[in-house]
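# Could you work out the structure for the sequence below:
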Amino acid sequence: MKIETQRLILRKIEEEDAERMFLMDSDPEVMKYLGTPVKSIEESKEIIKMIQKQYEENGVGRLAVIEKESGLFIGWCGLKLLKEPVNGHVETLDLGYRFIPEFWGKGYAWEAANATLDYGFNELNAHTIFAFADVGNTGSNYILTKLGFENTEEFEDSGVNCSWYELKREKYIQ
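Alright, predicted model coming up:
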């Protein structure tokens, strides 16, 4: 599972990514719409183990996003197989992404997500890929719309109002 774009490499998340993952997930601005920031690098290591387990059990999972120019872990992006119901959906692919703030606004989220969608539709033969974001997260909602996702409804997830998106293979334009 490795995807390459003009500026990025997406690869499986490894334990060596824990420090940069902690940098990202402990930042209150990053976690503003996602939950409580992590408090220790050990928490980040546990998250990495959970993601690695998803690779083994489901064949997919969030991938480390590496900036080619610097070689740095700048965030993650990828598909996750929903095993627990989210908005009534289970056993479906969910697109997600998260980046370290210094890499926001550079088009990396769109670039990584677009490459991930290409992988999902053309390598995994997915018919539909889903995504969701807090309704207040204008950045994420903008990116999903720019990728071609259709906002089909709003729902509540753990007390948070979220927009639910779907993108069908026939509507995906690279």
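
# Helix or strand: which one has the residue nearest to Trp104 when sequence neighbours are not counted?
Once flanking residues are discounted, Trp104 sits nearest to Gly139: 7.3 Å by C-beta to C-beta, 6 or more residues apart in numbering. C-beta coordinates here come from the backbone N, C-alpha and C atoms, glycine included. Assessed by DSSP states H and E, Gly139 sits inside helix 138-146.

# Give the buried residues for that helix.
By neighbour count with 16 or more other C-beta atoms under 10 Å, helix 138-146 contains the buried residues Ser140, Asn141, Ile143, Leu144.

# ok, and what's touching the top helix by length along the chain?
What stands out as the longest helix in the chain, according to DSSP state H, is helix 41-58. Under the contact criterion C-beta atoms under 8 Å, 6 or more residues apart in numbering, helix 41-58 has outside partners 1, 12-15, 17-19, 21-22, 25, 38, 60-62, 80-81, 83.

# Can you read off the pLDDT for the spatially closest residue to Glu111 that is not a sequence neighbour?
In space, and not counting its chain neighbours, Glu111 is closest to Thr5: 5.2 Å by C-beta to C-beta, 6+ apart. pLDDT for Thr5: 97.

# these two touch, right, Thr5 and Ala109?
No. Using C-beta atoms under 8 Å, Thr5 is not in contact with Ala109; the gap is 11.8 Å.

# Looking at these two now, which is surrounded by more residues?
Neighbours were counted for Thr5 and for Ala109 using other C-beta atoms under 10 Å; Ala109 has more, 25 against 16.

# Just the element for that one, please.
Since the elements are taken from DSSP H and E, Ala109 ends up inside helix 108-122.
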